[in-house]
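Colleague: I'll drop the sequence and a predicted model, then ask my questions.
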Amino acid sequence: MKELPSLRRVNGMYILVQLIYWSMFGAFSGFQTALLLGRGFSSGEAGVFAALRCLSGILAQPFLGGWADRNPHVPLKRILGTSLIVALAVNVIFYCTRPGFAGTALIFLALGVVELNTYPLVDSMAVQFINTGLQVNYSLGRGLGSFAYAVICVVLGGQAARFGVESVLLVHGMLLSLLIIAVALYPTFPTELLPKRSPCEAPHSVWYLLRSSRSFSLMLAAAFFGMTAVMPIVNFMVNIVTDRGGNSTHLGIALFLMGASELPAALLFPHLWRRLGSKGTLSLAVSFMALKPFLFLLTPSLGWVLAVQPIQMLGYGLFTPSSVYYANESVPIADRVRGQTVMMIASNGLGGMVGNLLAGYAIDLGGVNAMLALCTLCGGLGIAFAAASIRCSTQKT
């Protein structure tokens, strides 16, 4: 039987993958609106393209996760690498051409499927080793990834100002190339060590996962409302900073503080997980995600906006690792990749999309404080669903 690779190698390569992935993600997501405006599209059209990218990723995730569960003999890193190669080709086309509305829409749809859609596979590559008992430091890798996101936003902001925003696509392509290499070098999980299924055990549908565990479904709802509460703050941070008297320089500082504050959560998570379990830690994260818009609503000035940013550590900073561990522990063995996918869809996918849509209308109708009040209400619903999930699992036990 093939032996597991060393823990040092798995940890080192996983951290490298996280660093490059989130740098690549920030290089495109952080500047996609500026790119589109520079090509003559309106803000409304830019919003449509961003929504298409998000929606295509949401729709494609269950199919990719389900296919991976049905074909465990295909290494996850091979599936991920193939998707990234296609994403690199799409990025080259986008850089070299100036398509109209329909062509740009197709490009964003493709990027949603082959780039945005792949993050659950990154998580699952670590979870496979964790399930064998190997102490992969997932939370540290994710925290360093958040820090890399913060740094790349600051660096590329200066680059865009000096060389033009189109240069960001070159960096995005280079980071995709580096990520393809890093994924290829990532240790291949030995197929003979995959959990053994009974002859009648096969991957289940998403609806089965939702129906079979009320506690899991309630926690998915909590994740949805928690992300609906916190994601608009990221995407509309420019509105918050401007409303409190800041400018683009202060916006960069605010985003950096937000991203960098997720790194300490990587050190805190293992201790909380051992003490509270994945469900307790996830509920704690949802609670602080609800608290964040409420604190922003109370901020009277720019200084207070910057001072509130570190709460990201106990909110979204804890949410990502705890949601990964929770999904892994809450679904049958045959559905672990799909379980990660369902959690990603409910939180970052649907939660982010609905939150941003509602927040945009709230700002148009009532300003920044109306948006923050709406986010606070959504966060309160997230806390209620998390409490219901814990109560449901306690009664079942």
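Modeller: Arrived safely, thanks for sending.
Colleague: list the contacts for residue 374?
Modeller: Residues in contact with residue 374 (Cβ atoms under 8 Å, 6 or more residues apart in numbering) are 358-359, 362. Glycine gets a C-beta too; all of them are placed from N, C-alpha and C.
Colleague: Please report the distance of it from residue 355.
Modeller: 9 Å (Cβ to Cβ, to the nearest Å).
Colleague: Equivalent analysis for residue 105, please.
Modeller: For residue 105 relative to residue 355 (Cβ to Cβ), the value is 22 Å.
Colleague: Test my guess that residue 220 contacts residue 342.
Modeller: Yes: using Cβ atoms under 8 Å, residue 220 is in contact with residue 342, at 6.8 Å.
Colleague: Residue 187: what's it in contact with?
Modeller: 5, 9-10, 13, 129.
Colleague: what pLDDT does it get?
Modeller: Here the pLDDT value assigned to residue 187 is 87.
Colleague: Return the list of helices and strands in contact with the helix ranked longest in the chain.
Modeller: Counting by DSSP state H, the longest helix found in the chain is helix 263-298. Packing partners of helix 263-298 (3 or more Cβ pairs under 8 Å, 6 or more residues apart in numbering; DSSP states H and E): helix 138-163, helix 214-235, helix 302-308, helix 316-330, helix 368-396.
Colleague: Save the ones you listed as a markdown table, and put in distance to residue 125 and mean pLDDT too.
Modeller: Formatted as a markdown table, the helices and strands packed on helix 263-298 follow (distance: least, Cβ to Cβ, whole Å; pLDDT from 0 to 100):
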| stretch | distance to residue 125 | mean pLDDT |
| --- | --- | --- |
| helix 138-163 | 10 | 81 |
| helix 214-235 | 21 | 86 |
| helix 302-308 | 34 | 89 |
| helix 316-330 | 11 | 83 |
| helix 368-396 | 27 | 88 |
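Colleague: Tabulate those in a markdown table, adding columns for distance to residue 251.
Modeller: Shown next, in a markdown table, are those (distance: least, Cβ to Cβ, whole Å):
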| stretch | distance to residue 251 |
| --- | --- |
| helix 138-163 | 9 |
| helix 214-235 | 11 |
| helix 302-308 | 10 |
| helix 316-330 | 18 |
| helix 368-396 | 14 |
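Colleague: looking at the ones you listed, which is closest to residue 51?
Modeller: Closest approach to residue 51 among these is made by helix 214-235 (11.6 Å; Cβ to Cβ).
Colleague: Buried ones in that closest one, by neighbour count?
Modeller: 215-235 (16 or more other Cβ atoms under 10 Å).
Colleague: try stretch 354-366
Modeller: Applying 16+ other Cβ under 10 Å to stretch 354-366 flags 354-356, 358-360, 362-363 as buried.
Colleague: what does stretch 272-283 give?
Modeller: Those would be 272-273, 278-283, for stretch 272-283 by 16+ other Cβ under 10 Å.
Colleague: Please apply the same query to stretch 175-188.
Modeller: Buried residues in stretch 175-188 (16+ other Cβ under 10 Å): 175-180, 182-183, 186-187.
Colleague: Tell me which of the residues you listed fall in helices.
Modeller: Per DSSP H, those map to helices at 175-180, 182-183.
Colleague: Using JSON lines, lay out those together with pLDDT and distance to residue 85.
Modeller: Formatted as JSON lines, these follow (pLDDT from 0 to 100; distance: Cβ to Cβ, whole Å):
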{"residue": "175", "pLDDT": "95", "distance to residue 85": "14"}
{"residue": "176", "pLDDT": "95", "distance to residue 85": "9"}
{"residue": "177", "pLDDT": "95", "distance to residue 85": "9"}
{"residue": "178", "pLDDT": "95", "distance to residue 85": "13"}
{"residue": "179", "pLDDT": "93", "distance to residue 85": "10"}
{"residue": "180", "pLDDT": "94", "distance to residue 85": "6"}
{"residue": "182", "pLDDT": "93", "distance to residue 85": "13"}
{"residue": "183", "pLDDT": "91", "distance to residue 85": "10"}
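Colleague: Need the max-distance pair from the residues you listed.
Modeller: Once Cβ to Cβ is applied, those give 175 and 183 as the farthest pair, at 12.4 Å.
Colleague: Out of the contacts of residue 187, the closest to residue 90 would be?
Modeller: residue 13 (25.5 Å).
Colleague: Now name the helix or strand holding the closest one.
Modeller: Secondary structure assigned from DSSP states H and E places residue 13 in helix 7-29.
Colleague: quick one: contacts of that helix?
Modeller: 111, 115, 119, 122, 125-126, 129, 134-138, 140-142, 144-146, 148-153, 156, 168-169, 171-172, 175-176, 178-179, 182-183, 185-187.
Colleague: out of the residues you listed, which are buried?
Modeller: 111, 115, 119, 122, 125-126, 129, 136-138, 140-142, 144-146, 148-153, 156, 168-169, 171-172, 175-176, 178-179, 182-183, 186-187.
Colleague: Return the residues in contact with residue 158.
Modeller: Per Cβ under 8 Å, 6+ apart, neighbours of residue 158: none.
Colleague: Would you mind measuring from it to residue 168?
Modeller: 11 Å.
Colleague: Residue 93 too?
Modeller: 16 Å.
Colleague: Residue 294 too?
Modeller: 34 Å.
Colleague: Equivalent analysis for residue 275, please.
Modeller: On the measure of Cβ to Cβ, residue 275 and residue 168 end up 42 Å apart.
Colleague: The closest residue in space to residue 297 that isn't next to it in sequence: how many residues sit nearby?
Modeller: Nearest residue to residue 297, sequence neighbours excluded (Cβ to Cβ, 6 or more residues apart in numbering): residue 372, at 4.1 Å. Neighbours of residue 372 under the rule other Cβ atoms under 10 Å: 27.
Colleague: just checking, residue 372 touches residue 291?
Modeller: No: between residue 372 and residue 291 there is no contact under Cβ under 8 Å: 11.8 Å.
Colleague: Wait, residue 121 touches residue 80, no?
Modeller: Yes: under the criterion of Cβ under 8 Å, residue 121 makes contact with residue 80 at 4.5 Å.
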